[in-house]
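[1] Please work out how this folds:
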Amino acid sequence: MIINPQHQKMADYVRTYMLRNAQMGDPTNGTRRATARYWHSLNVYNNINQILDGEQAIDEEREICQIGALFHDVDSYTVEHSYHATRGAETAAIFLKKEGYPADLTVQVAQAIRQHDHDFDDEQPATEQIAEMRATLPRVSLMLLDADLLDKIGVSNIMAAALPMGRTDKQAYEAARELTSGWPLERARFWRDLLTTTTGRTMGEQRFDFYCQFLEQLKTEIVMSDPFAQVAEAASV
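    Model (predicted):
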């Protein structure tokens, strides 16, 4: 990958900004949390580049979305989560203004960052929400939103669910129970159904299919209940 020098500068700024603010708010776990959030941003940056290629985006759209991907969660540790997109848009705008970026591009980047944190409704059909988003949001916002949602499906979903279990005393069968409990899969399905761009939906289907295949393989390899214990319990009655 050819690294854009300006994007390198942005990534360095975002990483440092996240770490500083997370460590101030949570000296014990701040570094770990901010590092994970920064790597999530890198995943979103990777996703957006694939979406931009698939959607045959023009150069201005590419710049808006790539910058938006790097900055979209920059203020995750300065305000409550419900405000992080609004504050992140302000932080990105200040940075871009100092770097001499055009005012129009700065406004569009800030707008895309604000709109990436869409207020999804679990009770409203996904088709209705998609139609509303397509009717009201600019294409750059839709592409950035898809790039963010894609990091909650497939391998990333599996890793996000499994890694915290490694910091506990849970055994493999206990982790398998949680991963196959239904809720993680339902959330992945919900996010997949909310993807709006053609490329995003194709990527989402591929990742969701892999997630389903992984869960099925998990069920074949990991014993999640002790059949001998059930026999022993019956015999003791």
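[2] hey, let's count contacts and neighbours off CA atoms from now on
    Noted.
[3] buried residues in stretch 104-116?
    Going by neighbour count (16 or more other CA atoms under 10 Å), the buried part of stretch 104-116 is 105-116.
[4] Now distance to Arg62, secondary structure and pLDDT too, for those residues, in a markdown table please.
    Listed next are the buried residues of stretch 104-116 as a markdown table, based on distance: CA to CA, whole Å; DSSP: H, G, I helix; E, B strand; the rest coil; pLDDT from 0 to 100:
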| residue | distance to Arg62 | secondary structure | pLDDT |
| --- | --- | --- | --- |
| Leu105 | 11 | helix | 98 |
| Thr106 | 13 | helix | 98 |
| Val107 | 15 | helix | 98 |
| Gln108 | 12 | helix | 98 |
| Val109 | 11 | helix | 98 |
| Ala110 | 14 | helix | 98 |
| Gln111 | 15 | helix | 97 |
| Ala112 | 12 | helix | 97 |
| Ile113 | 14 | helix | 98 |
| Arg114 | 17 | helix | 96 |
| Gln115 | 17 | helix | 95 |
| His116 | 16 | helix | 93 |
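[5] per the record, what domains does this protein have?
    With domains defined by automatic domain parsing, the chain comprises 1-121, 152-237.
[6] circling back to that earlier point, closest to Arg87 among the buried residues of stretch 104-116?
    For the buried residues of stretch 104-116, the minimum distance to Arg87 (CA to CA) is 8.2 Å, reached by Arg114.
[7] Surely the closest one touches Glu90?
    No - applying CA atoms under 8 Å, one finds Arg114 not in contact with Glu90, separated by 9.1 Å.
[8] Give me the phi and psi for Arg26.
    For residue 26 the amino acid is Asp, not Arg. Here is the backbone geometry of Asp26 (degrees, to the nearest 10): phi -150, psi 80.
[9] Quick check: it vs Arg37, distance?
    Plainly put, Asp26 is 14 Å away from Arg37 if you go by CA to CA, to the nearest Å.
[10] who has more neighbours, these two?
    Between Asp26 and Arg37, counting by other CA atoms under 10 Å, Arg37 is the more crowded of the two (19 against 13).
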